[in-house]
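A.B. asks: No letters, just coordinates:
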């Protein structure tokens, strides 16, 4: 096969807020170019993780090669998928680094939303050619003119350059394809230079080992070549290479500008690093590419196997997931209540939830998760500064000079009608007002500084509720600032349950404490004895509830035939209890460990 | 018994025969019963005869229990045939106990004559209540008068009387239950069994409970009713000897003691459960399937299980704790080869600490508090 020239290649992403039709448009492009047939078209083809399908969101970057004829010439269009959620901003950047252009998709009814702005700025930072498009223009309640105005005021987009399409019905899809070829620059790169390939993703396949997703910046790679990954410094033979069409399709070579995959018999999970550069093992070697800035986890929680015997399985599963997602971290920790497990760090709440679900679903693990917390910086009286990832690590109050917590700048994009309720919500969250901007007469951006702890507590749910689902938000870290924080401990049956401790603002402690014990009272079943549940700061109890003792629990009849039946019933109940954690003689169900979080809605 | 010889199980000394027929399937019952199919009686008797033939030779037993359903639904001729066959295969030893369950309304002179002729020593009457309202809720076809009349007839043949009583019926008040207890005591039975109405899948009341058509009596009231029963019956000389069973001195149900002692027993009939050679097995619950299988020469057994030594030991412990006499530590060791403390010492210590179990040098037994939550104690002990 003749080697393709860069001028016939276009590498692009589609960026959009969740539900603005990114996946539908991707499907439509594959179908319009004959990459997949109508029959093969599974809904949302690119979202091939079951979880992504269930949630209708994209988590991991994916790449598909499309062949498209434009004005008599054949082009290779590489679509690199991006996630839309704020937690995965890092993955968006990763995808964008492999592209020359981005299709900015905006729902013609919903208009500009938080991720629209965040992702568009990311594309501009990468100096990509941005092709803006309005989607769902055939909706009868579409308001294209207002949305164009919002795009112009928030993103400085020239309304005359905005395409109009409907991914669902196919309207304007040809124009989109034409614009990709005409308005996005071809990649630059020298196929004869030393190999320089950016690893932008990797997945683990049980049969083939690690499959690395690469974008060739320079050079050419052939099947059988020996290559070196510069960061890890290991050398491998390329046993297979190819492109996703969208199935894996083996090729003889990949050249500068192209996107595809490499299979190199890499069995060790840690041997591939996202953002690494692959070059030739021998002869002239390329410089390493800048790679990616590793994102810092913002949210931490404990993950424990429900059955303590599965600790090693959990470690293996985390290691495996970490290969595909280096943005979360994990380290072993021990809890008196939960035994051996891991403290895990995530980019955000959704990221946390997804990792947990993948562990449960793909690895078939049953987990107990503790309520999430942010990282704190503590300056001790001895002048030391320590980072705290777990409420248990907070030293005694007497040793603390100052506690600092992460503060984020949050942008809320919402219909102007909801400014009042959102401002009220922010006041309640002790947020600091920064500014209000109007995108159009009916849509505004509210900007506030507030504690990240408040964001992960329940802010997102509350925002959705006060704006009837129309408000969206994104945030970025501003830094660590001093705050009056305390550790709130929970005692069940007189024993402190370490996994239930939280860090909260002193002035909010009474309310939180009351809410937590009330919630726990509902989560823990009655036992044979009375169970006090207390919230305490140090030795001072600030809230208490009591679970009364079971009064009567006895099966009256127990004759010949009842014995086996009763024993089986009890064995079944016992099986259920195995999934609980025992503190003293109290069985605490798994979900109770999240109770400290869910109290937010009750006030 | 030497634990090394655990394969050698003692021959059962008790036998149970199940007669599934009922005039009506009461809403609170999920026993193996078949309502309105008394036409199957002759076929059932043939099947029971056939199943008994597998014993190959007559077996000596100390107790024999004919339960149901309602054995007295059978005609006198059928009842005579059943008792003749059963007594042939299960030969009651001298001084043995022969119990027949009876519906008060069925206890006429003709049936009583059959029972007398076969030497029945106990009649267990499904009285349930003396209150018109409760009996109506329970869908029973008798009245207090019927019960008194049945007791008089049973007395006439010199058999002991046991009364079944149910409490915590929908809308039942504590004084209603006290009245039932008072009437039962006045009737002068040798033995009383009381059960709190329990809602389980498979009974008509379950559906009504789920639909909200019935409401369960609150736990506090139920506990009060149970404690009242223990106190009132005890004061009247009917002392509690098992969680649900009360008797005058020397009038315990020896047959039922077999179950709580973890001893072996034979059983025949649909849904009947036996414990022979260390294997617990239960016959098919459907009367028609049971009859078909047996008459076709197939095994009527639907399920069976053989417990591991430590499961058997735990079962022995929890069953034994149902008895007010409790479990003798030496006897437990003799029968299982295991020490109670080695099996679940920690749990027992905790139960003692919380006041659910009393422990003396030689025995462990449930306290009054422990009785009320015996199921929780049970699951605690199964745990280790």
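C.D. replies: Noted; the coordinates are in hand. Treat the numbers as computed from the prediction; the structure is a model and nothing was measured. Residues are numbered from 1 along each chain as shown, chains lettered A, B, ... in the order given.
A.B. asks: Dihedrals phi and psi, the spatially most central residue of chain B?
C.D. replies: Centroid check for chain B by Cα atoms, centre = their mean gives residue B:256 as the closest residue, at 6.1 Å. Per-residue torsions, residue B:256: phi -70, psi -30 (degrees, to the nearest 10).
A.B. asks: in chain B, what spans have low per-residue confidence?
C.D. replies: Applying pLDDT under 70 to chain B flags the ranges B:1-7, B:383-384.
A.B. asks: Name the next helix or strand downstream of the biggest helix by length in chain A, please.
C.D. replies: For chain A, the helix with the greatest residue count under DSSP state H is helix A:562-578. Per DSSP states H and E, the first helix or strand lying C-terminal to helix A:562-578 is strand A:581-583.
A.B. asks: got the contact list for that next one?
C.D. replies: A:336-339, A:368, A:492-493, A:495, A:497, A:587-588, A:590, A:593 (Cβ atoms under 8 Å, 6 or more residues apart in numbering or on different chains). (Each C-beta comes from the backbone N, C-alpha and C, glycine too.)
A.B. asks: out of those, which are buried?
C.D. replies: Buried by 16 or more other Cβ atoms under 10 Å in any protein chain shown: A:337-339, A:368, A:492-493, A:497, A:587-588, A:590, A:593, out of those.
A.B. asks: Now flag whichever of those residues is closest to residue B:303.
C.D. replies: Using Cβ to Cβ, residue A:587 is the member of the buried ones among the contacts of strand A:581-583 that lies nearest residue B:303, at 29.9 Å.
A.B. asks: Quick one: name the residues of the stretch 51-200 of chain B near chain A.
C.D. replies: B:194-196, B:198 (Cβ under 8 Å from any Cβ of the partner chain).
A.B. asks: Make a ChimeraX selection of the buried ones in these.
C.D. replies: A single ChimeraX command is used to select the members of those judged buried by 16+ other Cβ under 10 Å:
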select /B:194,195,196,198
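A.B. asks: just the residues of the stretch 51-200 of chain B next to chain A now: which is nearest residue B:360?
C.D. replies: residue B:194 (27.4 Å).
A.B. asks: what sits against that closest one?
C.D. replies: A:556, B:164-167, B:226, B:229, B:233, B:244, B:246.
A.B. asks: Most neighbours among the residues you listed, which one?
C.D. replies: residue B:246 (29 neighbours; other Cβ atoms under 10 Å in any protein chain shown).
A.B. asks: Okay, and the beta partners of it?
C.D. replies: Taking DSSP bridges as the rule, residue B:246 bridges to residue B:192, residue B:240.
A.B. asks: Distance check, it against chain A.
C.D. replies: Counting by Cβ to the nearest Cβ, to the nearest Å, the gap from residue B:246 to chain A is 12 Å.
A.B. asks: Just the buried residues of the lengthiest strand in chain B, please?
C.D. replies: If you go by DSSP state E, chain B has its longest strand at strand B:90-102. If you call a residue buried by 16+ other Cβ under 10 Å, then strand B:90-102 has these buried ones: B:90, B:92, B:96-102.
A.B. asks: Next SSE downstream of the longest strand along chain A?
C.D. replies: In chain A, with assignment by DSSP E, the single longest strand is strand A:400-415. Counting by DSSP H and E, the next helix or strand C-terminal to strand A:400-415 is helix A:419-428.
A.B. asks: so where's chain A shaky on pLDDT?
C.D. replies: A:1-2, A:39-61, A:82-92, A:268-269, A:292-294, A:324, A:578, A:597-603.
A.B. asks: So which residues on it come close to chain B?
C.D. replies: Near chain B, when you scan chain A using Cβ under 8 Å from any Cβ, you find A:527-529, A:550-561, A:563-564, A:566-567, A:570-571, A:573-574, A:577, A:585.
A.B. asks: picking that back up, which ones are touching the residue nearest to the centre of chain B?
C.D. replies: Contacts of residue B:256 by Cβ under 8 Å, 6+ apart are A:559, B:65, B:242, B:245.
A.B. asks: what about the first one, which SS state?
C.D. replies: Put plainly, it is residue A:559. coil (DSSP: H, G, I helix; E, B strand; the rest coil).
A.B. asks: Correct me if wrong: it contacts residue B:259.
C.D. replies: Yes. Using Cβ atoms under 8 Å, residue A:559 is in contact with residue B:259, at 5.4 Å.
A.B. asks: Is residue A:18 located within a strand, as I assumed?
C.D. replies: No. Residue A:18 is assigned coil when assessed by three-state DSSP, not a strand.
A.B. asks: State the distance from it to residue A:539.
C.D. replies: 46 Å (Cβ to Cβ, to the nearest Å).
A.B. asks: Neighbour count: these two, which is higher?
C.D. replies: Counted by other Cβ under 10 Å, residue A:18 and residue A:539 do not tie: residue A:18 has more neighbours, with 19 against 6.
A.B. asks: what separates that one from residue B:81, distance-wise?
C.D. replies: 77 Å.
A.B. asks: same question, residue A:417
C.D. replies: For residue A:417, the distance to residue B:81 - Cβ to Cβ - is 86 Å.
A.B. asks: cool, residue A:123 as well?
C.D. replies: Applying Cβ to Cβ to residue A:123 and residue B:81 gives a distance of 93 Å.
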